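Student: build me a model from this:
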Amino acid sequence: GLDQGSEEWLRLRACRITASNFGTVNNTNTYTTPNDLLRQILWPQSFDSVAMQYGSINESVARDRFSEYLSTHADAPDLPIFIDCPGIWICKHYPFLGGSPDGVVYETLSEHPVDPEGTVVFYRCRRSLLEIKTPFKLRRRERGGDFYPLHRQRNGVQNYVPGAYYDQIMGNCMLMAV
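Tutor: From the prediction side, this is the model:
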């Protein structure tokens, strides 16, 4: 896939509502408004911060640690696991929507020989979305400490995932399914 932040990736995201902005559209993002998003889409400006740099640096570290964890805790640890970074997905039905998941995990669950000699093998795989959050404000959190307090979602359900993150994850899941 395309590297996030590359010129081609930025070009493909232009004039699209991406999964990272679904929380803003749904008004669950406490940092920006739908009007701010519209201005950013129509008149893009580059933005960088210490928090964004921290997230970029630590995302690959988190992905590597997750890969290590999977290799020892997988359903079938002796079978291959692969994490793909697809770059950007553009919705086939609604091309003004897109998303850039942090990874897609392909976990081999079982193998099934086709002929009696076992020369041809089919693998059954599970495909999962990987979304990584490395919040700058939690950088000094003690290992094993609470990541986020409970948040009340719009439907009244309490969850440890903030609403804007939840919207991003569900949006990428939708894009993954089409």
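
Student: and stretch 10-22, end to end?
Tutor: In stretch 10-22, first residue to last residue: 17 Å (C-alpha to C-alpha, to the nearest Å).

Student: oh, and call the first residue 47 from now on, that's how I've got it
Tutor: Yep, numbering from 47; the last one is stretch 56-68 now.

Student: now that stretch: buried residues?
Tutor: For stretch 56-68, the neighbour count (16 or more other C-beta atoms under 10 Å) marks Leu58, Arg59, Arg62, Ile63, Thr64, Ala65, Ser66, Asn67, Phe68 as buried. Just so you know, the C-beta spots here come from the backbone N, C-alpha and C atoms, and that holds for glycine as well.

Student: who does the helix or strand of the chain with the lowest mean pLDDT pair up with?
Tutor: Here the helix or strand of the chain ranked lowest by mean pLDDT, DSSP states H and E is strand 197-198, holding a mean of 70. Strand 197-198 has the following sheet partners, assigned by DSSP bridges: strand 204-205 (antiparallel).

Student: show me how far the strand it pairs with is from its chain's centre.
Tutor: Taking C-alpha atoms, centre = their mean, to the nearest Å, one finds strand 204-205 lying 19 Å from the centre of the chain it belongs to.

Student: just the buried residues of the following helix or strand past that strand, please?
Tutor: The first helix or strand that comes after strand 204-205 along the chain, using DSSP states H and E, is helix 209-223. By neighbour count on 16+ other C-beta under 10 Å, the buried set for helix 209-223 is Gly209, Ala210, Tyr211, Tyr212, Asp213, Gln214, Ile215, Gly217, Asn218, Met220, Leu221.
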